[in-house]
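Q: fold the following and give me the result.
(2 chains)
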There are 2 protein chains.
Amino acid sequence: MEARGLEALIVVGEGHVNVIRSYMTNGAHVTGGMVVKKRGAAPVMIVNAMETEEAAQSGLAVFSLYDLGYAELITEVDGDAAKAGALFFGRVLERFDVPAGKIGVYGEGAIHRYLELVKRVSEANPQYQFIGEDGMTIFDDAFQTKDADEILRLRSVAARTSQVLGMTWEYIASHRADGDRVVDTDGTPLTIGAVKRFVRRALLDHDLEDTDMIFAQGRDAGFPHSRGENETVLNTGEAIVFDLFPREIGGGYHHDCTRTWSISYAKPEIQAAYDLVMNAYEVAVDNFRPNMPAKAMQEAVQDYFEAHGHPTTRSKPGTTVGYVHSLGHGLGLEIHEKPGIGHLSKDKLQAGNVITIEPGLYYPDAGYGIRIEDTLIVTDSGELISLTDFHKELVIPLRG
Amino acid sequence: MEARGLEALIVVGEGHVNVIRSYMTNGAHVTGGMVVKKRGAAPVMIVNAMETEEAAQSGLAVFSLYDLGYAELITEVDGDAAKAGALFFGRVLERFDVPAGKIGVYGEGAIHRYLELVKRVSEANPQYQFIGEDGMTIFDDAFQTKDADEILRLRSVAARTSQVLGMTWEYIASHRADGDRVVDTDGTPLTIGAVKRFVRRALLDHDLEDTDMIFAQGRDAGFPHSRGENETVLNTGEAIVFDLFPREIGGGYHHDCTRTWSISYAKPEIQAAYDLVMNAYEVAVDNFRPNMPAKAMQEAVQDYFEAHGHPTTRSKPGTTVGYVHSLGHGLGLEIHEKPGIGHLSKDKLQAGNVITIEPGLYYPDAGYGIRIEDTLIVTDSGELISLTDFHKELVIPLRG
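A: As a prediction, the model looks like this:
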């Protein structure tokens, strides 16, 4: 905060998942209010009177709006809630002896409301300058290296997610082929919708929740962010991209991993592309050095794919075929954190990072896409170790 | 948009759930980009090249960043992504012939980033004024009356949520008492964690997802927003507040309902409070008239509770005992929409509204809280009809 010249920061926002608030409040389950942290002082929570009990679980000092004079303020301004809300920010800051100066405003919520609210708050409290932050924010910087407790939780989510990968593999393997179609013992075709339902249940049984997984086959798999259609029946010999990135239930730490599967057998073209992506994954890992620029890892992978004749976003900006995305990203409470591992990234890779490495090749018109992704940690001793504990075989043999 | 003087609006934001973007794009599963709607023209989507296929499912015209010259822009500004991003907003608006003037910025996301980004965008594109909106926004207004398709989906979510209420009742009823404790056939105590796990699975089986339900017993139930502790064992004769507000999987329409249960028997004090809250619910429904001010319904309920000796947020602002919250709220894609039904609300109740009615009484020091909540619709003919199809019995008899 000192480097940024902030006298205090305020965390705002609505909704049951607000990562920054959660981080500041030890995961307290509140749905509104604010956290105020004066520079050099412990943060405090200010919530609706209804939420004081839940807020107290944060271990922070908790105040209700009424403790801080909100009722009197409403009376002062003749019931004008908008005006009272704007003035309240200044009252709160003064109550906690925050000197005049810059106040950082952070959090997740309705952008349109806060653009307007912060304007009103600024007008009502001219002694303070309320500002946002973009780029590598104070929280990005705090989030990008994990402490021992966070690593423990990330390892646990990793182990459970890996188990779900394994259960899904076994679930599909328990089916049989009827011509090109994958069917169960009764002959009912296996759809992507059924697989996703199986996965969501398996996640719940491991105290995890899905955040919109990708399970896409054939041409759909050729678009990195296609989710897959529930009605699609699984076929043998088609590339299936399964990108699973659940989190602890109710908002919490994530895992992120992708496997590409082909049921019963692999077509030579898909096997060849798969082998290249596997090699690219190894290129990334082999190029890792502690404190390296993140972009150098992406460049090594781009070099590899380009040398094998595939376009990349570096050789052909905007390409939708070949290697079309970044190599990876940090993750934790958010699915996308710093460092970013793209060729324009200014971040570096350092001890305490938890990152994904996820090379891929995409050819929708040829009817396939391939991606392989693990979540990895950079240890204190500077090693890069995968937390994803599931094999990277391409072909699921059917035994139903 | 005309009333607000907006030449165009831009929907921004990250994350897999962004209600306004979802509303504008028929639920397309994109995780970024923007939607631009010029006044009088159809909205268009602008996404990362990776997301064009998923975006196309919106039925809108879709452009990638590169279609709109992002690569050239990056080159123009020597790779300064922040500068390019800011200039890009103006290029896009000009590309779609949006005249100089006010541009509304809407969406959900990282508030700190958009405070800063909108400042930079405004500086880079002085021909446009980029503004937010608070209070009854253009989307609040659009969301607060539902069309026939929305009502169908809300009815379906209501029916499924009601089934889960019933399954949960039966699940608890299948247990037996061991002294004061509720245990299964093996004698294992039934915990709130086990009930929540059961509920989440039952929701999934109905293609719904939990958004942080409340299942709180005894003193915890006396705080309206206490979630309940997973380790707590269910006891006979204690008030349990079960507030369930799931949504369609992956973000979609909600239902919202609360039941208060007491296992095996009810203490007279709890039964008496329960009866009052049931009456208050009837007072609310009986007072309904189409086009009434929403606050009049809350005032009728406050009159009722105050007449029976209970404090309310009107008679005693900031109270944490008695009737301590609003009577209800609209809901749909968001769990809290307009109209708000509090005594300071300026909204009215009208045909097409889907609202909750949820009176309650809270006495944590006496070890209980009570809340009863249905989701109701105001029909075209001006009737107020509950969508929650589950009885309001207090006592769950054990039959294990």
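Q: for residue A:353, which non-adjacent residue is closest in space?
A: Using CB to CB, 6 or more residues apart in numbering or on different chains and skipping residues adjacent in sequence, the residue nearest residue A:353 is residue A:378, 4.4 Å away. Any C-beta I mention is one placed from the backbone N, CA and C, and that applies to glycine too.
Q: can you pull out the helices in chain A?
A: Counting by DSSP state H, chain A has these helices, from start to end: A:19-24, A:52-56, A:70-76, A:81-95, A:111-124, A:138-143, A:148-173, A:192-205, A:268-287, A:294-307.
Q: closest to chain B out of those?
A: helix A:111-124 (2.7 Å; CB to the nearest CB).
Q: what's around the residue in the stretch 201-350 of chain A positioned nearest to chain B, how many residues?
A: Chain B sits closest to residue A:318 of the stretch 201-350 of chain A, with a gap of 2.9 Å, by CB to the nearest CB. The criterion is other CB atoms under 10 Å in any protein chain shown. On that basis, residue A:318 has 16 neighbouring residues.
Q: relative to chain B, how far out is the residue nearest to residue A:353?
A: Between residue A:378 and chain B the distance is 25 Å, computed by CB to the nearest CB, to the nearest Å.
Q: give the contact list for that residue.
A: With contacts defined as CB atoms under 8 Å, 6 or more residues apart in numbering or on different chains, residue A:378 is in contact with A:290, A:349-355, A:384.
Q: just the pLDDT for residue A:313.
A: At residue A:313, the pLDDT value in this model is 93.
Q: isn't it right up against residue A:324?
A: Yes - Residue A:313 lies in contact with residue A:324 (CB atoms under 8 Å); the separation is 5.9 Å.
Q: report the contact partners of the spatially most central residue of chain A.
A: Averaging the C-alpha coordinates of chain A gives a centre point, and the residue nearest to it by CA atoms, centre = their mean is residue A:335 (0.5 Å). With CB under 8 Å, 6+ apart as the criterion, the residues that contact residue A:335 are A:211, A:245, A:247, A:254, A:256.
Q: around chain B, pick out the residues from the stretch 51-200 of chain A.
A: For the stretch 51-200 of chain A, the residues found near chain B under the criterion CB under 8 Å from any CB of the partner chain are A:51-54, A:64-67, A:70-71, A:74, A:79, A:81-82, A:104-120, A:131-135, A:137, A:197, A:200.
Q: drop anything exposed from these.
A: Under a neighbour-count criterion of 16 or more other CB atoms under 10 Å in any protein chain shown, the subset of those counted as buried comprises A:51-54, A:64-66, A:70, A:74, A:81, A:104-120, A:131-134, A:137, A:197, A:200.
Q: list the contacts of residue A:32.
A: Residue A:32 makes contact with A:13-14, A:47-48, A:51 under the criterion CB under 8 Å, 6+ apart.
Q: from those, which land in strands?
A: For the contacts of residue A:32, membership in strands holds for residue A:47, with DSSP state E as the criterion.
Q: dump the contacts of residue A:32 into CSV; add pLDDT as well.
A: What follows is these, written out as CSV (pLDDT from 0 to 100):
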residue, pLDDT
A:13, 88
A:14, 81
A:47, 94
A:48, 89
A:51, 89
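Q: let me know the closest of the contacts of residue A:32 to residue B:173.
A: Here the nearest of these to residue B:173, counting by CB to CB, is residue A:51; it sits at 31.5 Å.
Q: just to revisit the earlier point, could you pull up phi and psi at the residue of the stretch 201-350 of chain A closest to chain B?
A: Here the main-chain torsion angles of residue A:318 (degrees, to the nearest 10) amount to phi 90, psi 0.
Q: contacting residues for the closest residue to it other than its chain neighbours?
A: Closest residue to residue A:318 apart from its sequence neighbours, by CB to CB, 6+ apart: residue B:66 at 2.9 Å. Residue B:66 makes contact with A:317-318, B:49 under the criterion CB under 8 Å, 6+ apart.
Q: nearest to residue B:155 among those residues?
A: Using CB to CB, the contacts of residue B:66 come closest to residue B:155 at residue B:49, 38.8 Å.
Q: pull the number of nearby residues for the closest one.
A: Residues lying near residue B:49 (other CB under 10 Å) number 22.
Q: so what's it closest to, chain neighbours aside?
A: Taking CB to CB, 6+ apart as the measure, residue B:49 lies nearest to residue B:64, with 4.2 Å between them; neighbours along the chain are not counted.
Q: returning to what we had before: nearest to chain B among the contacts of residue A:32?
A: Checking the contacts of residue A:32 against chain B with CB to the nearest CB, the nearest one is residue A:51 at 4.8 Å.
Q: next, count neighbours for the nearest residue to residue A:359 once chain neighbours are set aside.
A: The shortest distance from residue A:359 to any non-neighbouring residue, by CB to CB, 6+ apart, is to residue A:280 (3.8 Å). Burial measure for residue A:280: 27 neighbouring residues, criterion other CB under 10 Å.
Q: now do residue A:280, the pLDDT please.
A: The confidence metric pLDDT takes the value 98 at residue A:280.
Q: that one contacts residue A:305, doesn't it?
A: Yes - taking contact to mean CB under 8 Å, the distance of 6.3 Å between residue A:280 and residue A:305 places them in contact.
Q: rewinding a little: next, the residue nearest to the centre of chain A: phi, psi?
A: Taking degrees, to the nearest 10 as the convention, residue A:335 sits at phi -70, psi -30.
Q: hang on, the earlier thing: quick one: which of the helices of chain A is nearest residue A:389?
A: So among the helices of chain A, helix A:148-173 is nearest, using CB to CB, at 4.1 Å.
Q: interface residues of the stretch 301-400 of chain A facing chain B?
A: Remark: the part of the stretch 301-400 of chain A in contact with chain B comprises A:317-320, A:324-325, A:336, A:344, A:364, using CB under 8 Å from any CB.
Q: and which of those residues is nearest residue B:153?
A: Checking these one by one against residue B:153 (CB to CB), the nearest turns out to be residue A:336, at 29.8 Å.
Q: list the residues that contact the nearest residue to that closest one once chain neighbours are set aside.
A: The shortest distance from residue A:336 to any residue that is not its chain neighbour, by CB to CB, 6+ apart, is 5.0 Å, and that residue is residue A:329. When contacts are counted by CB under 8 Å, 6+ apart, residue A:329 is found next to A:336-341, A:355-356.
Q: tell me which two in those residues are the farthest apart.
A: A:338 and A:356 (12.5 Å).
Q: so what's the residue count around the spatially closest residue to residue A:228 that is not a sequence neighbour?
A: Nearest in space to residue A:228, with sequence neighbours left out and distances taken as CB to CB, 6+ apart, is residue A:216 at 3.8 Å. By other CB under 10 Å, the residues close to residue A:216 number 27.
Q: isn't residue A:216 right next to residue A:224, touching?
A: No - look at residue A:216 against residue A:224 with CB under 8 Å: they stay out of range, at 9.1 Å.
Q: list residues touching both of the two?
A: Shared between the contact lists of residue A:216 and residue A:224 (criterion: CB under 8 Å, 6+ apart) are residues A:241, A:369.
Q: re earlier: could I get the contacts of residue A:335 as CSV with pLDDT and distance to chain B?
A: CSV is the format used below for these (pLDDT from 0 to 100; distance: CB to the nearest CB, whole Å):
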residue, pLDDT, distance to chain B
A:211, 91, 6
A:245, 98, 10
A:247, 96, 11
A:254, 98, 12
A:256, 98, 13
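Q: neighbour-wise, which one of those residues leads?
A: Ranking the contacts of residue A:335 using other CB under 10 Å puts residue A:256 first, with 27 neighbours.
Q: ok, that one - contacts?
A: By CB under 8 Å, 6+ apart, the contact list for residue A:256 reads A:243-245, A:331, A:335, A:356, A:358, A:373, A:375.
Q: how about it, nearest residue that isn't a chain neighbour?
A: Nearest non-adjacent residue to residue A:256, counting by CB to CB, 6+ apart: residue A:245, 4.2 Å away.
Q: from residue A:376, how far off is that neighbour?
A: Residue A:245 sits at a distance of 14 Å from residue A:376 (criterion: CB to CB, to the nearest Å).
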